[in-house]
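Show me the folded form of this:
(one chain, ligands or ions: 2)
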Amino acid sequence: MKAVAVFPRTKEVRVIEHEAPCITELGQVKLRMLDIGLCGTDKEICAFEYGTLPAGSDYLVIGHESLGEVIEVGPAASRVKVGDLVVTTVRRPCSHPECRPCRAGYPDFCITGDYRERGIKGEHGFMTEYVVDDERYMHVVPPELRDVAVLTEPLTIAEKALDQVRHIERRLPWLNTVIPEDMRRLPLTAVVLGAGPVGLLGAMTLIVAGCDTFVYALVPAPNPSSEIVEAIGGKYFSQGKVPVEVQKALSGRIHLIYEATGASRLAFEVLKLLGPNSAFIFTGVPSLRGPIEVDADLLMRNIVLKNQIVFGTVNASSENFDEAIRDIGVFHQRWPQALRALITSRSAPEEAPGLLLGKIGGIKNAITFNNEV
Ligand SMILES: [Zn+2]
Ligand SMILES: [Zn+2]
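Ligands and ions are numbered 1, 2, ... in the order given. The predicted structure follows:
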């Protein structure tokens, strides 16, 4: 069967003939792959900056953002049935007995670093015609979300982040007391840094959660991302063009900053604006370019004197995948066009190397298998 693979030794990315997988264990399920999303991680793997080959293979089949259709189930598989649409999780646990997160079913918090990730680290990915995996890693998607469900995996980043925020908020006693729900907190103001898929899906999640949401990005409006932000009821501002009155209104009043650019200088600059008892969430992974100057004294004073939390988050749990599928359904009801506009292209697998090695334009580009282009 066809697959898109990266060969680090010969520095190639190409469509290959890869052996089709078969069900070999009772709980396994076979999928016909439909859509595979491309992202920055795939680009880094194709630039040979990231990614680990599976043991014994000289190539890695890439692809971790997926949607597949169940075509065969093992005798012990009971959660999914033939015809179901499913999104499969990416990370698999390490085998160390002392890794409590992995042993508890949370490899997203693995402490040993020996986890595997399909399409990224030590396991072939989903950018291929057929995939077999254990049904425990699969999440069923309602059929009406067929066209947008490939956004589930990138959305899990925001779901895990907000899940963490909900836990962190429990440190604020007045949010847990017996006062009426509507008095527990003021309306929340959130700032999203970056208007790529992770930023835009984060903005949708924050707006659904009731936050007044501002998105800050490099490219001046109007552009496809700024149009999506406006359509979902957010406010879009580009670099160097934040009106003074907005800066004043936001300064010290931001409850949540969701960083989705990987630009460290920008992140630490905006961290200065975080309000009291508030949280800054890092999701971007910058390349290591050497030290930069930051206003460390001011940041440390703020973090202490304003009880601030700064945390990072990566990958997601099984629960976060279910939450993401539920929220894609909410976005689909509320903003069907804006949600669809996130997927800017669907291409055949033969186009994948060009898309990954060139400059990928658009918001979320997908590769489509099984002649559905
Ligand atoms: Zn990705
Ligand atoms: Zn582990």
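
Please enumerate the helices of the stretch 201-350 of the chain.
Taking DSSP state H, counting those that start in this stretch, the helices of the stretch 201-350 of the chain run over residues 224-231, 244-250, 264-271, 296-305, 318-334, 336-341.

what angle sits between the fourth one and helix 264-271?
Same thing as helix 296-305. 50 degrees (axes from the mean of the first three to the mean of the last three Cα atoms, to 10 degrees).

and helix 296-305, what's its mean pLDDT?
For helix 296-305, mean pLDDT rounds to 97.

Residue 29 reaches residue 73, doesn't it?
Yes - if you go by Cβ atoms under 8 Å, residue 29 and residue 73 touch, sitting 5.1 Å apart. (Glycine included, C-beta is placed from N, CA and C.)

These two: which is more packed in?
Using other Cβ atoms under 10 Å as the criterion, residue 29 and residue 73 rank with residue 29 on top: 27 against 20.

Let's verify the residue in the stretch 151-300 of the chain that ligand 2 sits nearest to: helix, strand, or coil?
Residue nearest to ligand 2 within the stretch 151-300 of the chain (Cβ to the ion): residue 160, separated by 16.4 Å. Of the three states, residue 160 takes helix according to DSSP: H, G, I helix; E, B strand; the rest coil.

give the contact list for it.
Applying Cβ atoms under 8 Å, 6 or more residues apart in numbering to residue 160 gives the contacts 108, 313, 315-317, 320.

Return the residues of the protein in contact with ligand 1.
Residues of the chain found near ligand 1 (Cβ under 5 Å from the ion) are 39, 41, 65.

For those, which entry has the maximal number of neighbours?
Going by other Cβ under 10 Å, residue 65 tops the residues of the chain next to ligand 1 with 28 neighbours.

Name all residues that make contact with it.
Counted by Cβ under 8 Å, 6+ apart, residue 65 has contacts 36-39, 126, 150-154.

again, 6 Å this time
37, 150, 153 (Cβ atoms under 6 Å, 6 or more residues apart in numbering).

Identify the residue of the stretch 201-350 of the chain closest to ligand 2, quick one.
Nearest residue of the stretch 201-350 of the chain to ligand 2, counting by Cβ to the ion: residue 315, 11.5 Å away.

Give me the neighbour count for the residue lying closest to that residue once chain neighbours are set aside.
Setting aside the residues directly before and after it, residue 315 is nearest to residue 108 in space (Cβ to Cβ, 6 or more residues apart in numbering), at 3.7 Å. Here the count is done by other Cβ under 10 Å, and residue 108 has 21 residues near it.

The one 3 residues further on too?
Around residue 111 there are 13 other residues, counting by other Cβ under 10 Å.

coming back round to it: tell me the one of the residues of the chain next to ligand 1 nearest residue 213?
When the residues of the chain next to ligand 1 are ranked by distance to residue 213 (Cβ to Cβ), residue 39 comes first, at 22.0 Å.

about what we covered before: mind putting the contacts of residue 65 in CSV, pLDDT and secondary structure included?
Output for these, formatted as CSV (pLDDT from 0 to 100; DSSP: H, G, I helix; E, B strand; the rest coil):
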residue, pLDDT, secondary structure
37, 97, strand
150, 98, helix
153, 98, helix
